[in-house]
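Enquirer: Give me a model of this one.
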Amino acid sequence: MTVTVAKFAARAARAPITALALLVLGSATVAAQSPAVATDTWIKVCRNDEKAKKEECRTAYDLRTSGGQFLAAISVVEASGEARKILHMIMPTGLLLQPGLKVQVDQNKGEDAKFSMCAPDGCIAMLATNEAFVASMKKGGELTLTAYGQASNPVTFTFPLATFKAGNEGKPLDEAALKKREEAISAEVAQRQKSIEDQLREEQRKATQAKP
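Expert: Numbers count the residues shown, from 1 in each chain. Next up, the predicted model:
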């Protein structure tokens, strides 16, 4: 059975997480575009670890292109009673693994994250951090992940932080709300893809008519 990054991440968290339609970007030389409206917010999901007697929450954001295609994702993982926070990132394939990632909030000092595993459709990177870093995200304007392509060129992914504080401090989504959100995202992605296809067909039609 093929193990995908989405399945790996979900299994590692053992909690319902936003469904990820991972996009393989090949050489990963394309910079991140504006995310789709339906995903333009941070969401929080929580689960109870009965064995450890702790609650684990993830505040997550999926970065997508203007056409709704998945680019990258980041989540802040917090467990009750623990000072340590974990940044969990899902990145496209085609990036250089050895340099890792640079994680930076606005113009603050960047933190170095390392890739932990890869699957055919994406790679996971993780960074152990603390409450001070999460506090900077709550006050910040954007979080930037900088990776490197095969030609050692920097590739940046920018996550807006405008809704992070509200998402992190607010109530977590229950399964019904999460399912409704996923359905809305799927519908929007399908609509955007149809719009792009219609536009391409129209441009092809005009190009054909313009030929002598």
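
Enquirer: how close does V155 sit to L143?
Expert: 15 Å (Cβ to Cβ, to the nearest Å). Every C-beta, even on glycine, is put in place using the N, C-alpha and C of the backbone.

Enquirer: and F157, bridged to which residues?
Expert: L145 (DSSP bridges).

Enquirer: Strands of the protein, residue ranges please.
Expert: Assigned by DSSP state E, the chain shows strands spanning 43-49, 54-64, 70-79, 85-91, 101-105, 111-119, 122-129, 142-148, 154-160.

Enquirer: Would you convert the ones you listed into CSV that also reports mean pLDDT?
Expert: Below are the strands of the chain laid out as CSV (pLDDT from 0 to 100):
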stretch, mean pLDDT
strand 43-49, 88
strand 54-64, 90
strand 70-79, 91
strand 85-91, 94
strand 101-105, 95
strand 111-119, 90
strand 122-129, 93
strand 142-148, 94
strand 154-160, 92
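
Enquirer: Export those strands as JSON lines, with columns for distance to T208 and mean neighbour count.
Expert: Compiled in JSON lines, the strands of the chain are given as follows (distance: least, Cβ to Cβ, whole Å; neighbours: other Cβ atoms under 10 Å):
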{"stretch": "strand 43-49", "distance to T208": "45", "mean neighbour count": "17"}
{"stretch": "strand 54-64", "distance to T208": "32", "mean neighbour count": "21"}
{"stretch": "strand 70-79", "distance to T208": "33", "mean neighbour count": "22"}
{"stretch": "strand 85-91", "distance to T208": "40", "mean neighbour count": "22"}
{"stretch": "strand 101-105", "distance to T208": "45", "mean neighbour count": "21"}
{"stretch": "strand 111-119", "distance to T208": "41", "mean neighbour count": "15"}
{"stretch": "strand 122-129", "distance to T208": "38", "mean neighbour count": "19"}
{"stretch": "strand 142-148", "distance to T208": "40", "mean neighbour count": "19"}
{"stretch": "strand 154-160", "distance to T208": "36", "mean neighbour count": "18"}
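
Enquirer: Turn those into JSON lines, including distance to G167.
Expert: Output for the strands of the chain, formatted as JSON lines (distance: least, Cβ to Cβ, whole Å):
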{"stretch": "strand 43-49", "distance to G167": "5"}
{"stretch": "strand 54-64", "distance to G167": "5"}
{"stretch": "strand 70-79", "distance to G167": "9"}
{"stretch": "strand 85-91", "distance to G167": "15"}
{"stretch": "strand 101-105", "distance to G167": "16"}
{"stretch": "strand 111-119", "distance to G167": "21"}
{"stretch": "strand 122-129", "distance to G167": "17"}
{"stretch": "strand 142-148", "distance to G167": "13"}
{"stretch": "strand 154-160", "distance to G167": "12"}
